[in-house]
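Student: Quick one: sequence and predicted model below, then my questions.
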Amino acid sequence: MSRAVIVDDNHFFCEAFRRYAEKAFPALSVATFEDAEEALAALDPSIDLLILDWEMPKIDGAEFLERAVEKGMPRKKILILSSHTSEELHQRFATGSCLGVLQKFECFQEKILDMILHETASGEGQTLP
């Protein structure tokens, strides 16, 4: 079974995302963390996908990304998912700094997220360079 972790300080978003992802992609197990420090302490670099909110208390998504990479998490397995606009996200996270940046509420980006979750659940995402 493929494993994904989402780190977002919004409890309702975490739960809704986990329920949706596990129902839509049964081969995907989703763990959620609302506390970034707790998530960082528990981080296992062998997970298949790490999804981070940008703005969180104590450790924001940008700092978490860098600390996760230091712990051995490949950048190609880290996705930033935020309510900030796509323009803000692309200004803050340079191309190549992670798998990608997606805006939580843009419909076409939800389809991209579904494609990423599908690839992760099927194990095909593990072949990315």
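Tutor: Structure received.

Student: for Leu81, phi and psi?
Tutor: Note on Leu81: its backbone torsions stand at phi -130, psi 120 [degrees, to the nearest 10].

Student: pLDDT wise, what is it at?
Tutor: The model reports Leu81 with a pLDDT of 86.

Student: May I see the buried residues of the lowest-mean-pLDDT helix or strand in the chain?
Tutor: One helix or strand of the chain scores below all others by mean pLDDT, DSSP states H and E: helix 86-92, with a mean of 77. Residues of helix 86-92 classed as buried by neighbour count (16 or more other C-beta atoms under 10 Å): 89, 92. The way it works is simple: take the backbone N, C-alpha and C, and place the C-beta from them, glycine included.

Student: just the CA coordinates of it, formatted as PDB?
Tutor: Taking C-alpha atoms only, helix 86-92 is exported to PDB below (Å, rounded to 0.1, in the frame of the first residue of the first chain):
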ATOM      1  CA  SER A  86      -1.000  30.200  -7.800                       C
ATOM      2  CA  GLU A  87       1.000  33.300  -8.500                       C
ATOM      3  CA  GLU A  88       2.100  33.600  -4.800                       C
ATOM      4  CA  LEU A  89       2.900  29.900  -4.600                       C
ATOM      5  CA  HIS A  90       5.100  30.000  -7.700                       C
ATOM      6  CA  GLN A  91       6.900  33.100  -6.500                       C
ATOM      7  CA  ARG A  92       7.700  31.500  -3.100                       C
END
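
Student: Quick one: distance of it to the chain centre.
Tutor: Here the centre of helix 86-92 is set off from its chain's centre by 16 Å, with C-alpha atoms, centre = their mean, to the nearest Å.

Student: next one: stretch 65-81
Tutor: Relative to its parent chain, stretch 65-81 has a centroid offset of 9 Å by C-alpha atoms, centre = their mean.

Student: For it, list every residue counted as buried.
Tutor: 65, 68, 73, 77-81.
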